[in-house]
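*Asks:* Following is a predicted model, sequence given first.
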Amino acid sequence: MEIYIFCVAHPDKIAEHIQSSKWLKVPGLNIKTFSYSKAQSEGDALREMCKKMILREDFILISGDVIANLDLQPAIDAHQQRRKKNKECMMTAVLREAPPGHRSRAFRDDIMAAIDETTQQIVGYETKCNASFLQVNKKLGTHAVVFRNDLLDCRIAVCSLPVLQSFEDNFDYTLISQFICGVVNEEILGAQVHAYVASDKYAARVNCLRSYKAITQDVINRWSFPLVPDNNITGTTNFTVGKFRTYKDRNVNLSRSAIMGQHTLLGHGTSVNNNSRIEKSTIGNNCKIGKNVNIRGCIIWDNVVIEDDVTIIDSIVATGAIIKSNVSIQKGSIISFGVVVGSGITLSPFTKLTTSESKHVVLKDLGEGGVGEEYAPKKRSEFGTEFVPQDWELEVQEEDEDSDDSDVEVLENARSKFLKAINLTVRNCCVDGFAGEGSVENSKTELMATKLAFDVDFLELAEGVVISLLNFTPFDDYQFKQNCRVWSRLLKKFLKDSDNSQPEKELIFKIQEYSEDHPSALKIFPDVLKGVMETIIDKSAVLEWAEELKEEDDEACAKLLEQCSELLSAIQCSSGSVTESDDEWWGANDKKEGSEDEWAAGKDSGNTGDSGEEDEDDDFSFDSDSF
């Protein structure tokens, strides 16, 4: 297979990118780039290709701004079958169902097509947005004709070689759509163009800011699968997908108090500080986002710095821009490369800032340290306004948000069912409040079945077990520790098999989140943490948890650290294991617990502590709110 890339601008950079990509390693794939700086349209590019006589057989013509997951083989087969019967079948245009006003359809992409229902031949074609009628060539249609205005031109076409010669002969053809109109109007005698309508796959063009934003969200929402971030098809990223369609690349530092809302992507090396919220936005690589920042519906490129107390709504911020503290950027704004917006500035809707020189640039007060000027052409432009949803689109968007809320509710219900299933498994392993090693081993199969049924990571499986044990003995840290000891072998295996890079630390944070919602667990949190540390996780994970918690500028976190201060001090004083000097802190509990052998002997003899005096049903103190 041969792929020819026709370049008008930056051919060297494009060729360099191709050479460094993984595509050249694909067996049987040959990629070549051609450049022609004088080309101003599709027609000029095709005429140049015709002159060079590069193509010698049927070819597929695709615009460089297309995002699609279509299987083109049916369209290719249909085109070749027509060519065998009639050599005048010059092109099969690929169209996608997208009604007027669809989010991925640019305002100017408004076509009306008349298609022969039997042969799929296009017998009428109009691209003018304000057209009041459609002219149909009766000579071309011999069957029932369907009129459609719910189609999007994907700029994908299966072409025969005569297409190139037709552009060579007609210099007034600048677009493929003009060629189609010419065929329909018999400017090219005998020629035929057919349609292939895709209804169940995705295809769209990034040809304006409106489609840029819409397609970005479509990719995040996985309409373009397998072209989704976590498939990392370029080989230069390492995205993972989380709940509510969130994506994070490597080395992302997301504060515990920051909120990464639904349909959001964070690039490599990006950091988000305390109490910031990002929703329905994409953030590029190596961006620095401060405290109390609110970003919604935005596209932020690479190496952007956003300081504290900033609000950005439905806007684009280009590479290298700096947004200083207490700035408000309203909808439809575009902040270009290297612009600096000074502290305390409020930008009105649809503001465009640039550092480049232009006759349309006017002075703009960007505050102290501000860099850049406002781009304000006399003629009103849609560049920027189309990035913001129109009034009629907001109704559709509200319906989508209702659907999103429904999705969130479904996910929350799924988590509730998952935790209840884990809890039931844990409860069945316990007799008189204590778990038996044999029953724990037997429960492994049931737990693995639950994992597969709910499609969760091993870390979440470990979390479910520990939370169930904690909820099972909410006021008895001794019993909790002994149950953790029995479950420790299986829990350690779960953490080892987790896809999370720091599963032990993450498990502590999950226990913390549970404890913060349950006062009885929070009251004994240091003892719970100690029990988990002595049976399941390493001390280093506790210290890493504490260090990360210190970075949170939060009163509740500081109070929790103070609550655990004695335990943390004892860990820091110890050298890899609990020393005799640490007995002063937890000696009381050690004396209470005794050795593991003593505990096992006591259990076998029926001595199970106070809980043995209760009925079996009363042993389980289940808190339904926690699930």
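*Replies:* Yep, that arrived. The structure presented is a predicted model; accordingly, all values stated were derived computationally and were not measured.

*Asks:* Need phi/psi at Phe179.
*Replies:* The phi and psi torsions at Phe179 (degrees, to the nearest 10) take the values phi -60, psi -40.

*Asks:* Would you agree it is in contact with Ser166?
*Replies:* Yes: counting by CB atoms under 8 Å, Ser166 is a contact partner of Phe179 at 6.5 Å. C-beta: built from backbone N, CA, C; applies to glycine.

*Asks:* Compare these two and say which one has the larger neighbour count.
*Replies:* Between Phe179 and Ser166, counting by other CB atoms under 10 Å, Phe179 is the more crowded of the two (27 against 22).

*Asks:* can you tell me the helix or strand for the nearest residue to the more buried one once chain neighbours are set aside?
*Replies:* Residue nearest to Phe179 in three dimensions, not counting chain neighbours: Tyr173, with 5.2 Å by CB to CB, 6 or more residues apart in numbering. Counting by DSSP states H and E, there is no helix or strand that carries Tyr173.

*Asks:* Surely Phe147 touches Glu117?
*Replies:* No: here Phe147 lies out of contact with Glu117, judged by CB under 8 Å, at a distance of 10.5 Å.

*Asks:* was I right about Ser356 contacting Val339?
*Replies:* No: the criterion here is CB under 8 Å, and Ser356 misses it with Val339 at 10.1 Å.

*Asks:* chain center to stretch 533-540: distance?
*Replies:* On the basis of CA atoms, centre = their mean, to the nearest Å, stretch 533-540 sits 33 Å off its chain's mean C-alpha point.

*Asks:* Which positions in that stretch come out as buried?
*Replies:* With burial defined by 16 or more other CB atoms under 10 Å, the residues of stretch 533-540 counted as buried are Met533, Glu534, Thr535, Ile536, Ile537, Lys539.

*Asks:* From the residues you listed, pick the one nearest Lys492.
*Replies:* Comparing the buried residues of stretch 533-540 against Lys492 with CB to CB places Ile536 closest, at 6.2 Å.

*Asks:* What pLDDT is listed against that closest one?
*Replies:* Looking at Ile536, its pLDDT stands at 90.

*Asks:* check contacts around it.
*Replies:* Ala462, Val466, Cys484, Trp487, Ser488, Leu491, Lys492, Leu495, Glu504, Leu507 (CB atoms under 8 Å, 6 or more residues apart in numbering).

*Asks:* in the stretch 51-200 of the chain, which spans are strands?
*Replies:* All strands of the stretch 51-200 of the chain, identified by DSSP state E, counting those that start in this stretch, fall at 59-62, 66-68, 89-97, 112-116, 122-126, 145-148, 151-159, 192-198.

*Asks:* what is the rounded mean pLDDT of the one helix or strand Leu461 maps to?
*Replies:* Using DSSP H and E, Leu461 sits in helix 458-472. Computed over helix 458-472, the mean pLDDT rounds to 84.

*Asks:* same question, stretch 345-363
*Replies:* Stretch 345-363 comes out at a mean pLDDT of 84.

*Asks:* So for Ser356 and Val339, which residue has more residues nearby?
*Replies:* Neighbour count, other CB under 10 Å: between Ser356 and Val339, Val339 has more, with 22 against 11.

*Asks:* nearest spatial neighbour of the more buried one, skipping sequence neighbours?
*Replies:* Gly372 (3.8 Å).

*Asks:* Near the one you found, how many other residues are there?
*Replies:* 21.

*Asks:* Please verify my assumption that it contacts Thr351.
*Replies:* No: using CB under 8 Å, Gly372 is not in contact with Thr351; the gap is 10.6 Å.

*Asks:* Tell me which other helices or strands the helix or strand harbouring Ile295 touches.
*Replies:* Element membership of Ile295, judged by DSSP H and E, is strand 294-296. Judged by 3 or more CB pairs under 8 Å, 6 or more residues apart in numbering; DSSP states H and E, the packing partners of strand 294-296 are strand 277-279, strand 311-313.

*Asks:* what's the closest of those to Gln135?
*Replies:* Of all these, strand 311-313 comes closest under CB to CB, at 44.4 Å.

*Asks:* Direction included, what does that closest one pair against?
*Replies:* strand 294-296 (parallel), strand 328-329 (parallel) (DSSP bridges).

*Asks:* Out of those strands, which gets nearest to Ala558?
*Replies:* Among the strands paired with strand 311-313, if distance is taken as CB to CB, the winner is strand 294-296, at 24.3 Å.

*Asks:* got the contact list for that closest one?
*Replies:* With CB under 8 Å, 6+ apart as the criterion, strand 294-296 contacts 276-281, 283, 289, 306, 310-314.

*Asks:* which non-adjacent residue is nearest Ala414?
*Replies:* Using CB to CB, 6+ apart, the closest residue to Ala414 is Phe454 (6.3 Å).

*Asks:* For that neighbour, grab the count of nearby residues.
*Replies:* By other CB under 10 Å, the residues close to Phe454 number 17.

*Asks:* what mean pLDDT would you report for the strand holding Ile295?
*Replies:* Average pLDDT, strand 294-296: 95.

*Asks:* ok, and for that strand, which residues are buried?
*Replies:* By 16+ other CB under 10 Å, the buried positions in strand 294-296 come out as Asn294, Ile295, Arg296.

*Asks:* Stretch 75-83 now?
*Replies:* For stretch 75-83, the buried set under the neighbour-count rule, 16+ other CB under 10 Å, comprises Ala75, Ala78, His79, Arg82, Arg83.

*Asks:* OK, contacts around the first one?
*Replies:* This means Ala75. By CB under 8 Å, 6+ apart, the neighbours of Ala75 are Thr92, Val94, Val158, Tyr196.

*Asks:* Tell me the pLDDT of it.
*Replies:* pLDDT for Ala75: 93.

*Asks:* quick revisit: was I right about the residue nearest to Ala414 contacting Lys417?
*Replies:* Yes: assessed by CB under 8 Å, Phe454 is found in contact with Lys417 at 7.4 Å.

*Asks:* for the stretch 201-350 of the chain, what spans make up the helices?
*Replies:* 209-220 (DSSP state H, counting those that start in this stretch).

*Asks:* on that earlier part again, now the residue nearest to Val339: phi and psi?
*Replies:* phi 130, psi 170.

*Asks:* any idea how far Leu353 is from it?
*Replies:* Separation of Gly372 from Leu353 (CB to CB, to the nearest Å): 5 Å.

*Asks:* which regions of this protein sit below the pLDDT cut-off?
*Replies:* Where the chain drops to pLDDT under 70, the residues are 107-108, 129-133, 137-142, 187, 359, 378-413, 430-439, 472-477, 553, 575-627.
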